[in-house]
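J.: sequence first, then the predicted structure:
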Amino acid sequence: MALDTVAVATANPETSQPFAELGLKPDEYARIKEILGRRPTSSELAMYSVMWSEHCSYKSSKVHLKQFGDKAVKTDALLVGIGENAGVVDVGQGYAVTFKIESHNHPSFVEPYQGAATGIGGIVRDILTMGARPIAVMDPLRFGPADAVDTRRVLPGIIAGVGGYGNCLGLPNIGGEVVFDETYLGNPLVNALCIGVMKHSDIKLAKAAGAGNLVVLYGAKTGGDGIGGVSVLASETFESTGPAKRPAVQVGDPFVEKVLIECSLEIFAADLVVGIQDLGGAGLSCATSELASGGSGGMRVELDRVPLRDASLSPEEILMSESQERMCAIVEPKNIDKFLEICKKWDVTVTVIGEVTDGDRLEITWHGELIVDVPPRTVAHEGPVYNRPLAKPEYVDRVNAEVIDVALPSTAAEIKAAVLKLAGAPNLADKSWVTAQYDRYVQGNTIQSQPDDSGMVRIDEKTNLGVAVATDANANWSYLNPYEGAKLALAEAARNIATAGAKPLAVTNCLNFGSPEDPGVMWQFAESVRGLADGCLEMGLPVTGGNVSFYNQTGAVAILPTPVIGVLGVIDDVRTRTPMSFDKAGLELYLLGDTENDIAGSEWAYLHGQRGGKAPIADLQREMRLIDLLVAGRIDKVFVAAHDLSQGGLSATLTEMVLRHNVGATINLENVGQMLISESPGRVVVAVENAKALGALASKFKISLTKLGVTGGDALQINDASIPLTELRKAHTETFPKLFG
Amino acid sequence: MKVGVVTFPGTLDDRDAARAVDAAGATSVALWHKEADLKGVDAVILPGGFSYGDYLRCGAISRFAPVMEKIIDAANGGMPLLGICNGFQVLCEAHLLPGALTRNHELHFLCHDQRLVIENTSTAWTSSFTKGQEVVIPLKNGEGSFQCDDPTLAMLEAEGRIIARYVGENPNGSRNLIAGITNERGNVVGLMPHPEHAINPLTGPTADGLGFFTSVLKAMVK
């Protein structure tokens, strides 16, 4: 095919172009022609198509996401907000922490190992790009039914991919989620979170300022993998009859990324870059247009200088390739020798591919011929914006009106059976089979990891300053009430930080939904965003960034609305954290918070095939008082242990606590069925030596306090039911090896 | 007392090993794979990780790094040398230790807190322990199954060169539950589990791992 240059495009305005195959709608194509005053060249069309895809442009979600700005919390803690690669939060002592979560759902369904691996790789580069050293990862995952045939294909591959890539990068995996539900069968969710730390002065931004500065591409060579991954994979619903889409999944090389991280950190430490951007979704199209937009707009790139793994790639393919482990830096000419020297030290391929100009156009040439000449903002930031129709789906009122009708345990035999059933349910069972495939020790700063409520890492060895991160979603509640569901997920993640005694500081999110072209899904999305924005405002927690994943649906079946909320907290001395369990007998166990008849959306209801009813209404004022209580109690050394209640209610929480250090407990409950099974939010079990100090805290913060029992023995004794720890452990730990071993 | 910690491309636990050396009371010195210079250190640690991405075979490429020539010469002259995990694999590839590490028998990467029994306390890296002492330190690898031929195994057993064995269920299929071995002279030790991750109960399961690093301090003082 002849090279489609700007001159050719101008001379041949009527040439037919495959915009529809590239995922662009006719009006979007018309708008590109209007912007350029001519038809786009094939290279320009490639760039616009990937950058205007749902995944890159947020065209369906933008009108809703702006609430995070409109309802922004006034805070000094946010050093860099939404819009950069990742938000940056001040955690004190001169340290800044950046964290972000992203989805890699569709690629992980097509090719589980590589999809999950490159999900980790991508989010790690986002964090690195801010100037931070990545210090930990987490992986909230969702799958179809645990016993489904396809789950046995997808789950082991995804776990191995997360571990294979993260372990090789030397990043501890400090937590995550593994959740099963029918709706994820054709649409597993692979969300990956990364945390990075730096000094305030080290923050880097994606901008190409200063005419004459050099555009430098470094890292892996560009290959044919992941071409069109963004537009083809992330922005289209899977059709069961369609062709396999494997060629559009990227292939990762964690060794190259590890070297790229160390090389980049050395370059940052020497202060050699003006701006930097990683190459992820949309590859060079994204990096060049975003860097140019971040500066004055002018940039010239010689595309034929890009080092290739496959010499036959066309310029369009080079612009769209999503080959992993690549970075693009803006470097002043006086610093280029030093930059090249550091790359040589680490044996990293590096090429000057262009320079910043004083114009306002992004110009890309191929062997001297102009093939792209565009205003970069129109590519990167001025894509289409849709106010898509939304309508409350008919199911909502119908299921909300359903009355949950499941028997709750009351006799000793029923209590024992219920506790064992919940302990072994795939959603609540021990996840060691998964987490044993992840390195949690590397870097030597891991304080907490799975199965703790949150992951915690030390960031200063001398002062013992640390950060904690938790991710949560409760899709069952979001299905019943997406507005409350998002608030409840936020509250749960914040509470999971606070049980250890850390103070919640900031929020990130990964919003996983079905097709935005379905008004019902769009309503779920809009309600979730509204709930999250309102919740963050009320709790005083800024949203630092996030990610939207639409089109998680196969045919007409969409996933449950799954807003995964990540909360970052800070703890001034990790040595004083409150652990999640007790290792001695004779402690008193108390429940903080109120237990209502919240069986709707519970794991117990799910196990009995009931999805209806009403979700709880979040009481964020009470959640904030509980959080303050937990932080104050940690500082005053009131707690020996504290553990959150969520899915599986008190039954699951007690199971996890007694099994952690193999110390049992004797519990006495009134209204035992509801107490064990209900999933009312805002509750925590604490173990204390001194109930008096706890009582004082509870009345100070106006949180209900219920005595549960005492620790000790080799059984979990609940009223007349005695469950030997050996039996409980067997039920809790055998599920995963049986399913996947 | 200076202990060198080597960084190959893809090394991960170099900072952890340096922290452990410093915690034991010695001074850690960073050694770079491309520099054939030991910077006057008294002992060397090859830390864990995925050097060169574990491509070809674990440790097979690192073994040819310029720094390794110097290290091999010094070890042959009696310098204490500890290879942890990937470092153990490098020592086997360099023929400083016999045998090879192959994929775990269950074919998964495995990270857990592992109980070990220390069986040889006369090496440069194990003298702080008592014979038969049980310790708990993290094990984390994908290729940790120690394999060798029968005559080699018989020799290792007969000469007391197995320094540590796994206690309980065999975690990775290693022959005779071997977790670590030493050379004839006792200055070179390879160990699959990670003592550098067990120097403080705050960040590891125990502080049991510190003994490996205090041992070498005593060896150097002698």
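T.: Yes, it's here.

J.: which intervals of chain B have sub-threshold pLDDT?
T.: Across chain B, the ranges flagged by pLDDT under 70 are B:221-222.

J.: repeat that for 90
T.: For chain B, residues meeting the criterion pLDDT under 90 lie at B:52-61, B:63, B:106-107, B:218-222.

J.: residues from it in reach of chain A?
T.: By the rule C-beta under 8 Å from any C-beta of the partner chain, the part of chain B lying against chain A is B:9-10, B:12-13, B:15-16, B:19, B:34, B:49-50, B:52-55, B:108-112, B:138, B:140, B:142, B:194, B:196-197, B:199, B:202-204. Where C-beta positions appear, they are placed from N, C-alpha and C, glycine not excepted.

J.: among the residues you listed, which ones are buried?
T.: B:9-10, B:12-13, B:15-16, B:19, B:49-50, B:52-54, B:108-111, B:138, B:140, B:142, B:194, B:196-197, B:199, B:203-204 (16 or more other C-beta atoms under 10 Å in any protein chain shown).

J.: tell me which of those fall in helices.
T.: B:Arg15, B:Asp16, B:Arg19 (DSSP state H).

J.: now stretch A:727-741 - C-alpha only, PDB.
T.: Presented in PDB, the C-alpha positions along stretch A:727-741 are these (Å, rounded to 0.1, in the frame of the first residue of the first chain):
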ATOM      1  CA  GLU A 727     -12.900 -28.900  61.500                       C
ATOM      2  CA  LEU A 728     -13.300 -25.200  60.800                       C
ATOM      3  CA  ARG A 729      -9.800 -25.000  59.300                       C
ATOM      4  CA  LYS A 730     -10.500 -27.900  57.000                       C
ATOM      5  CA  ALA A 731     -13.700 -26.300  55.800                       C
ATOM      6  CA  HIS A 732     -12.000 -23.000  55.300                       C
ATOM      7  CA  THR A 733      -8.800 -24.200  53.500                       C
ATOM      8  CA  GLU A 734      -9.900 -27.100  51.400                       C
ATOM      9  CA  THR A 735     -12.100 -25.200  49.000                       C
ATOM     10  CA  PHE A 736      -9.500 -23.700  46.700                       C
ATOM     11  CA  PRO A 737      -7.100 -26.700  46.400                       C
ATOM     12  CA  LYS A 738     -10.200 -28.900  45.700                       C
ATOM     13  CA  LEU A 739     -11.400 -26.500  42.900                       C
ATOM     14  CA  PHE A 740      -8.100 -25.500  41.400                       C
ATOM     15  CA  GLY A 741      -5.300 -27.600  42.900                       C
END
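
J.: give me the contacts around that stretch.
T.: Contact partners of stretch A:727-741, identified using C-beta atoms under 8 Å, 6 or more residues apart in numbering or on different chains, comprise A:146-147, A:152, A:155-156, A:419-421, A:423-426, A:429-434, A:655, A:658-659, A:662, A:716.

J.: from the stretch 101-250 of chain A, which residue is nearest to chain B?
T.: A:Gly170 (3.3 Å; C-beta to the nearest C-beta).

J.: ok, for that residue, nearest residue in space, not its chain neighbours?
T.: B:Leu12 (3.3 Å; C-beta to C-beta, 6 or more residues apart in numbering or on different chains).

J.: also B:His108?
T.: A:Gln437 (5.4 Å).

J.: and that neighbour, that's in a helix?
T.: No - using DSSP: H, G, I helix; E, B strand; the rest coil, the assignment for A:Gln437 is coil, not a helix.

J.: that one: neighbour count?
T.: Neighbour count for A:Gln437, taken as other C-beta atoms under 10 Å in any protein chain shown: 22.

J.: show me the shaky parts of the stretch 251-400 of chain A.
T.: A:251-252, A:280-282, A:294-297, A:310-313, A:317, A:320, A:322.

J.: just give the nearest non-adjacent residue to whatever residue of chain B ends up closest to chain A, would you?
T.: Residue nearest to chain A within chain B: B:Gly53 (2.8 Å; C-beta to the nearest C-beta). Leaving aside its sequence neighbours, B:Gly53 sits nearest to A:Phe255 (C-beta to C-beta, 6+ apart; 2.8 Å).

J.: how far is the helix or strand hosting that neighbour from where the chain is centred?
T.: Assigned by DSSP states H and E, A:Phe255 falls within helix A:254-269. In terms of C-alpha atoms, centre = their mean, to the nearest Å, the gap separating the centre of helix A:254-269 from the centre of its chain is 23 Å.

J.: what do you get for stretch A:507-519?
T.: Distance, centroid of stretch A:507-519 to centroid of chain: 13 Å (C-alpha atoms, centre = their mean).

J.: for stretch B:205-215, same thing?
T.: How far stretch B:205-215 lies from its chain's middle: 13 Å, per C-alpha atoms, centre = their mean.

J.: ditto for stretch B:65-85
T.: Counting by C-alpha atoms, centre = their mean, stretch B:65-85 is centred 12 Å from the centre of its parent chain.

J.: can you pull the buried residues of that stretch?
T.: Quick answer for stretch B:65-85 (16+ other C-beta under 10 Å): B:65, B:67-68, B:70-72, B:74-75, B:79-85.

J.: hang on, the earlier thing: so how far is B:Cys111 from the residue nearest to B:His108?
T.: As judged by C-beta to C-beta, to the nearest Å, A:Gln437 and B:Cys111 stand 7 Å apart.

J.: hmm, the residue nearest to B:Gly53 is touching B:Leu56, no?
T.: No - between A:Phe255 and B:Leu56 there is no contact under C-beta atoms under 8 Å: 11.8 Å.

J.: who has more neighbours out of these two?
T.: A:Phe255 (20 against 10).

J.: start and end of stretch A:449-464, how far apart?
T.: End-to-end distance for stretch A:449-464, by C-alpha to C-alpha, to the nearest Å: 17 Å.

J.: model confidence for A:Ala506, exactly?
T.: A:Ala506 carries a pLDDT value of 96.

J.: err, A:Ser231, not the other one
T.: 46.

J.: counting neighbours, what do you get for A:Thr15?
T.: 12.

J.: okay, now the unreliable bits of the stretch 51-200 of chain A?
T.: Scanning the stretch 51-200 of chain A for pLDDT under 90 picks out the ranges A:53-56, A:69-87, A:107, A:110.

J.: what segments of it are strands?
T.: If DSSP state E, counting those that start in this stretch is used as the criterion, the strands of the stretch 51-200 of chain A fall at A:78-80, A:88-92, A:95-103, A:133-143, A:173-180, A:189-199.

J.: sorry, back to before: could you check the distance from the residue of the stretch 101-250 of chain A closest to chain B over to A:Ile635?
T.: 33 Å.

J.: comparing those two, which residue is more hemmed in?
T.: A direct count of neighbours by other C-beta under 10 Å for A:Gly170 and A:Ile635 places A:Gly170 higher, at 24 against 13.

J.: just to revisit the earlier point, what's near enough to touch the residue of chain B closest to chain A?
T.: Taking C-beta under 8 Å, 6+ apart, one finds A:Cys168, A:Asp253, A:Pro254, A:Phe255, A:Val256, B:Gly10 in contact with B:Gly53.

J.: among those residues, which two are most distant?
T.: A:Asp253 and B:Gly10 (10.8 Å; C-beta to C-beta).

J.: count the residues that sit near the spatially closest residue to A:Ala282 that is not a sequence neighbour.
T.: Spatial nearest neighbour of A:Ala282, chain neighbours left out: A:Val50 (4.0 Å); criterion: C-beta to C-beta, 6+ apart. Counted with other C-beta under 10 Å, residues neighbouring A:Val50 total 32.

J.: try A:Leu650
T.: Using other C-beta under 10 Å, A:Leu650 is surrounded by 26 other residues.

J.: which SSE is the residue nearest to it when sequence neighbours are not counted in?
T.: Excluding its sequence neighbours, the residue lying closest to A:Leu650 (C-beta to C-beta, 6+ apart) is A:Leu676, at 5.3 Å. If you go by DSSP H and E, A:Leu676 is part of helix A:672-677.
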